[in-house]
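Chemist: Sharing a model prediction with you, sequence too.
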Amino acid sequence: MNDIDGYRQQLSEYSHRAFQRHLVSGTGGNLSLRIPETDTVLVTPTGISLAEVQPDENILMNLAGDVIESPKGLKSSKETGFHLAAYNLKPEIGGIAHVHPPYATAYANKASPLPLATISAQVILKHVPCIECFPPGSLELRDCVIDGIKQNSEACCILMKAHGILAMGRDLRHAYYIADLTEDTAKIAYITATITG
């Protein structure tokens with residue numbers, strides 16, 4: 001298997017970046033990465049801020065949801081179900097960032113696709129659809145995410161009404177960049193709507 005310690009470090013690094021970038025607050029949000037060429041993933045733990053999560057607190061699981069290694073005995077994020085579903089649906093995905101950035105979440109509350117206010121967004125994001133709201137960690141939310149991915153197979157990011165976004169990338173760094181671009185796009189779209197009336 002690959003260098004698990006290195007991937008644990010990477011997951012914590014991008015968790016910290018997501019918090020510092022204000023893509024998430026408190027103990028919200030969760031990140032994961034797929035260990036290349038395996039059917040295993042690392043997922044951030046539940047109940048710990050992304051600002052603070054340490055490498056040995058990340059949980060190694062298989063795509064069926066079985067815990068392989070949790071050095072500190074922690075539980076994975078309650079949203080692990082839809083992370084695993086996304087990896088199973090799209091084998092090309094190597095990283096996921098589920099975060100709650102304010103501007104993108106505000107647009108998610110409109111229950112419509114994100115306005116692609118810049119040429120970068122149009123080229124990279126292409127289309128950012130919105131799915132409905134269900135309780136965090138619920139089977140209904142997992143199934144809604146599954147349907148959203150199936151119905152928008154080209155989308156690398158999905159708005160989640162009243163909840164945040166789901167950014168999917170070829171690796172974790174790419175997923176973080178997608179989340180970052182989505183929030184910046186939402187902010188520019190908001191400013192554009194404000195100044196143009």
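Modeler: Okay, I see it.

Chemist: So what are the sheet partners of the helix or strand harbouring Val41 and their directions?
Modeler: Applying DSSP states H and E as the criterion places Val41 in strand 40-43. If you go by DSSP bridges, strand 40-43 pairs up with strand 30-34 (antiparallel), strand 59-62 (antiparallel).

Chemist: what's the following helix or strand after the strand or helix carrying Ala86?
Modeler: Assessed by DSSP H and E, Ala86 sits inside helix 80-89. On the C-terminal side of helix 80-89, the closest following helix or strand by DSSP H and E is strand 95-99.

Chemist: Now that next one: buried residues?
Modeler: Buried residues in strand 95-99, defined by neighbour count with 16 or more other C-beta atoms under 10 Å: Gly95, Ile96, Ala97, His98, Val99. (C-beta placed from N, C-alpha, C; glycine too.)

Chemist: same for it, what does it pack against?
Modeler: Using 3 or more C-beta pairs under 8 Å, 6 or more residues apart in numbering; DSSP states H and E, the elements in contact with strand 95-99 are helix 4-20, strand 30-34, helix 80-89, strand 164-169, helix 172-196.

Chemist: Put together a markdown table for these, with mean neighbour count and mean pLDDT on each row.
Modeler: What follows is these, written out as a markdown table (neighbours: other C-beta atoms under 10 Å; pLDDT from 0 to 100):
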| stretch | mean neighbour count | mean pLDDT |
| --- | --- | --- |
| helix 4-20 | 19 | 97 |
| strand 30-34 | 27 | 98 |
| helix 80-89 | 21 | 97 |
| strand 164-169 | 26 | 98 |
| helix 172-196 | 19 | 96 |
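
Chemist: Of all the ones you listed, which one is nearest Ser153?
Modeler: helix 80-89 (8.5 Å; C-beta to C-beta).

Chemist: would you turn the strands paired with strand 40-43 into a markdown table with distance to Arg142?
Modeler: Shown next, in a markdown table, are the strands paired with strand 40-43 (distance: least, C-beta to C-beta, whole Å):
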| stretch | distance to Arg142 |
| --- | --- |
| strand 30-34 | 13 |
| strand 59-62 | 15 |
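
Chemist: can you count the residues close to Gly28?
Modeler: Residues near Gly28, counting by other C-beta atoms under 10 Å, number 16.

Chemist: does it count as helix, strand or coil?
Modeler: What DSSP: H, G, I helix; E, B strand; the rest coil gives for Gly28 is coil.

Chemist: Can you tell me how far it is from Leu114?
Modeler: Separation of Gly28 from Leu114 (C-beta to C-beta, to the nearest Å): 20 Å.
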